[in-house]
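# model the structure of this input:
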Amino acid sequence: MDKSSLFLLSVTPHMLEPTNYVLNVEFPAALEKRLPIVAVETERTDRGDFSSKFNRAPTPIPLDEAEALFSALSRVTDTAAQRKKS
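I've put the predicted structure just below:
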């Protein structure tokens, strides 16, 4: 994760389990490193439960919404490119 410029969160019900590695280790590390986060719902997941456990994550984009996913990824890559220029 040290060389990452993005944290892509694949949202599934398994992420909501109390011992989940992403929930307990990777997501907090991404927040600490201030990485932009894109959340993609790859499996139907309870939104309320997701929001309470990942309260600083963006709303998950359903995997079948290609246009919204493309837009979110474009914003992140555009921002990363601007940071490199300055």
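
# which one is Asn20 nearest to, not counting chain neighbours?
His14 (6.4 Å; C-beta to C-beta, 6 or more residues apart in numbering). (C-beta placed from N, C-alpha, C; glycine too.)

# residue contacts, Tyr57?
Residue 57: Ala, not Tyr. 9, 27, 37, 39, 50 (C-beta atoms under 8 Å, 6 or more residues apart in numbering).

# do that again at 10 Å, thanks
7, 9, 11, 15, 27, 30-31, 37-39, 50-51 (C-beta atoms under 10 Å, 6 or more residues apart in numbering).

# quick revisit: wait, is the residue nearest to Asn20 part of a strand?
No: counting by DSSP: H, G, I helix; E, B strand; the rest coil, His14 is located in no strand; its state is helix.

# that one touches Glu43, doesn't it?
Yes: His14 is within contact range of Glu43, at 8.0 Å (criterion: C-beta atoms under 10 Å).

# hey, C-alpha coordinates of the helix ranked longest in the chain in CSV?
For the chain, the longest helix by residue count, based on DSSP state H, is helix 66-85. Extracted in CSV, the C-alpha atoms of helix 66-85 (Å, rounded to 0.1, in the frame of the first residue of the first chain):
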residue,chain,number,x,y,z
ALA,A,66,-20.1,1.4,-15.2
GLU,A,67,-20.6,5.1,-15.9
ALA,A,68,-20.6,6.0,-12.2
LEU,A,69,-17.6,3.8,-11.6
PHE,A,70,-15.7,5.3,-14.5
SER,A,71,-16.5,8.8,-13.2
ALA,A,72,-15.2,8.0,-9.7
LEU,A,73,-12.0,6.5,-11.0
SER,A,74,-11.5,9.4,-13.4
ARG,A,75,-11.8,11.9,-10.6
VAL,A,76,-9.2,10.0,-8.5
THR,A,77,-6.7,9.7,-11.4
ASP,A,78,-7.2,13.4,-12.4
THR,A,79,-6.5,14.5,-8.8
ALA,A,80,-3.4,12.2,-8.6
ALA,A,81,-2.1,13.7,-11.9
GLN,A,82,-2.6,17.2,-10.6
ARG,A,83,-0.7,16.4,-7.4
LYS,A,84,2.3,15.1,-9.3
LYS,A,85,2.5,18.3,-11.3
